[in-house]
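>>> sequence plus the predicted model coming up.
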Number of protein chains: 2
Amino acid sequence: MDQMDQEILQLLKINGRMTSSEISRQVHLSVPAVSERIRKLEESAVIDLFTVKLNREQIGQQLLAFIMVQLEKPEHVEEFRKVILQADSVLECHHMAGAYDYMLKVALSGTKELERLISETIKQVPGVVKTNTMIVLSSMKEEM
Amino acid sequence: MDQMDQEILQLLKINGRMTSSEISRQVHLSVPAVSERIRKLEESAVIDLFTVKLNREQIGQQLLAFIMVQLEKPEHVEEFRKVILQADSVLECHHMAGAYDYMLKVALSGTKELERLISETIKQVPGVVKTNTMIVLSSMKEEM
DNA sequence: GCTGAAATCGTTAAATC
DNA sequence: GATTTAACGATTTCAGC
């Protein structure tokens, strides 16, 4: 991955739909050269995927929160994982070092839905002994 | 935003570079109809942006962490904001309710760089009185 | 708001440097 | 690896529904 690849990735980060010909003009490289570099960045897994970032407020997710979860024993991990992967409102799930085992980033319509997620989904998983929820007031930066 | 828009967004979430003609085949709508819907979803800000998700391990960011920050007084927010927006390793910054004022999601090469970020960048901001860092061991889910 | 057709523009593959 | 050319495919525009 050289300087040129970095420039191309920078442009794609700002606009993932930018065409190879548009990029070609900006980086002073021929169109096939640009396409080939993008293909190789995908092949080598530097590029994970192209995606679209939605405006959460516009799609009814006005509330963002982080939920710390303490899972009693490792034998409950599989069930926990299954529940998390199925829950659409859970955007991220990280296995953590420290006082809590997992940290979830969740996007919901409001506190009512948050309450339901915590008490009816997360706390229903066997082994979940403790949770700690932190509410986001606003976000000044959010990248991938 | 109707059912059709949701189907299109779902496809674009999986592949942000999917062409209108590819989408057209999958949702049984003409190509111009698909293009027009995508254009309107962008115009109405439901679509925030098209972007590329990079594989952090492949680009030398093997360490992911969350840093809680306590900021003494509101008059230091502007300086704090400036530093955060400039720091490439800070992926996210959320203003929080609760014990800490801000929560950062950071991606770095390792603990050495983390130490430098905390002591030479974050703690240098006037008003930062306390931080608390949580290390990510692995991530089982990560969407936008 | 969708469709179909035509013109424009972008992509891909092969040959060459 | 990059470029050029030419065939192919996608997008845009617009008339008509």
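Right, received. Where do you want to start? Numbers count the residues shown, from 1 in each chain, chains lettered A, B, ... in the order given.

>>> buried ones in the biggest strand by length in chain A?
Longest strand in chain A, counting residues (DSSP state E): strand A:128-142. Within strand A:128-142, the residues scored as buried using 16 or more other CB atoms under 10 Å in any protein chain shown are A:128, A:131, A:133, A:134, A:136. (C-beta placed from N, C-alpha, C; glycine too.)

>>> close to DNA strand D: what parts of chain A are there?
Listed as neighbours of DNA strand D in chain A under the rule CB under 7 Å from any atom of the strand: A:4, A:29, A:30, A:31, A:32, A:33, A:36, A:37.

>>> which one of those is nearest chain B?
Among the residues of chain A next to DNA strand D, residue A:37 lies closest to chain B (CB to the nearest CB), at 12.9 Å.

>>> number of nearby residues for that closest one?
Counted by other CB atoms under 10 Å in any protein chain shown, the residues lying close to residue A:37 total 21.

>>> next: residue A:41.
Residues lying near residue A:41 (other CB under 10 Å) number 20.

>>> what helix or strand does it sit in?
Element membership for residue A:41 (DSSP states H and E) is helix A:31-43.

>>> who are the packing partners of that helix?
For helix A:31-43, the elements it packs on are helix A:3-14, helix A:20-27, judged by 3 or more CB pairs under 8 Å, 6 or more residues apart in numbering or on different chains; DSSP states H and E.

>>> how far off centre is the following helix or strand past that helix?
Heading C-terminal from helix A:31-43, the first helix or strand you meet, by DSSP H and E, is strand A:47-54. Distance, stretch centre to chain centre, for strand A:47-54: 10 Å (CA atoms, centre = their mean, to the nearest Å).

>>> next, the angle from strand A:47-54 to strand B:128-142.
Interaxial angle of strand A:47-54 relative to strand B:128-142 (axes from the mean of the first three to the mean of the last three CA atoms, to 10 degrees): 110 degrees.

>>> do strand A:47-54 and DNA strand C meet?
No - judged by CB under 7 Å from any atom of the strand, strand A:47-54 stays clear of DNA strand C, getting no closer than 12.3 Å.
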